[in-house]
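Engineer: build me a model:
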Amino acid sequence: MIRRIIYTLLLLCIPAAGLLAQGPGKPLGGKAALENPPAAENENPGAQVDTVFTIPDYNAELPSGADILRQDVSVKPEKKFHSTHMIGLRYGVSLASAQFSPDLRPGKVWNFHNYGIVYTYYNDLWDMLDNFGTQVIARLGNEGFTTDYNINMKYTVAELDMMCNLRFNINRLRIFANVGPYAGYRIGNDRPGGEWLYTDNRFDYGLIFGGGAGIMFGPFEFQLETNYKWGLSSYYHTYFYSDEYWLFAYPRVYLFSGTLYYKF
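Structural biologist: You can find the predicted model right below:
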């Protein structure tokens, strides 16, 4: 009798174990499923319901192409500084000498024929600073030297200067400094007939630097400037005396000039 009761209880446990295996998340089948449909299906028939999770549509938050086109892209921030172009005529005088090795005790010579055409461009740095510029000078002038050893010369030099400019404006007053390289060619001398010797070195190059001040009035500007020309190319080849005793003579020139500019 007891054995039959145990067999009966085991048979009843088999369907109960099947129901427990479905778990609480499993939908009911059969008639119960028809009587108790999911809430989402009742609200929106035919829609596919994600029973796990919903992915948000991040693209919906981005502006569309029409929104971008509606923006006013033509509006740009106003520039704080503006570039300036100037061209001018220059006249100056020079006080010239030379640095000799060996030392020949050179003297200085005044020259009153120095002419030039100057182009100056003042620009800003990323619309933050407007203290910089570039200056290009085409110049024709005289320079030379005297010595105690009867070596006295005067040259006519065609020259091109290219300098960087640093400036500060105070109302109509402009204060500036320049530095840069130059290159030139000696096209004439004061020997009888303008004769050139095989020991002459006609090419010229070096550094030039200085500064000055200017007054601005309308579209014009007048500047006074002082520069120092530090030559790196000797007036003579080293074998001026002989191959054993070399001679160097480097230009050393002070330039005092005035320039009248037109701004455009």
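
Engineer: so Gly180 makes contact with Ile137?
Structural biologist: No: distance between Gly180 and Ile137: 9.6 Å, which falls outside the contact criterion (Cβ atoms under 8 Å). For glycine as for every other residue, the C-beta is placed from the backbone atoms N, C-alpha and C.

Engineer: any shared contact partners between these two?
Structural biologist: 161-163 (Cβ atoms under 8 Å, 6 or more residues apart in numbering).

Engineer: where does this structure have low pLDDT?
Structural biologist: 1-77, 79-81, 127 (pLDDT under 70).

Engineer: how about the strands of it, start to end?
Structural biologist: Along the chain, counting by DSSP state E, strands occupy 84-101, 109-125, 129-145, 153-170, 173-189, 203-217, 220-231, 248-263.

Engineer: in TSV: those strands, plus mean neighbour count and distance to Thr238.
Structural biologist: Output for the strands of the chain, formatted as TSV (neighbours: other Cβ atoms under 10 Å; distance: least, Cβ to Cβ, whole Å):
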stretch	mean neighbour count	distance to Thr238
strand 84-101	18	10
strand 109-125	16	23
strand 129-145	19	17
strand 153-170	17	17
strand 173-189	17	17
strand 203-217	16	14
strand 220-231	18	15
strand 248-263	19	7
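
Engineer: and Asn152, how far from Ala96?
Structural biologist: 12 Å (Cβ to Cβ, to the nearest Å).

Engineer: show me which of the shared contacts of Gly180 and Ile137 is closest to Gly194.
Structural biologist: Nearest to Gly194, judged by Cβ to Cβ, of those is Asp161 at 24.8 Å.

Engineer: wait, doesn't the closest one sit right on Arg139?
Structural biologist: Yes: look at Asp161 against Arg139 with Cβ under 8 Å: they come within range, at 6.6 Å.
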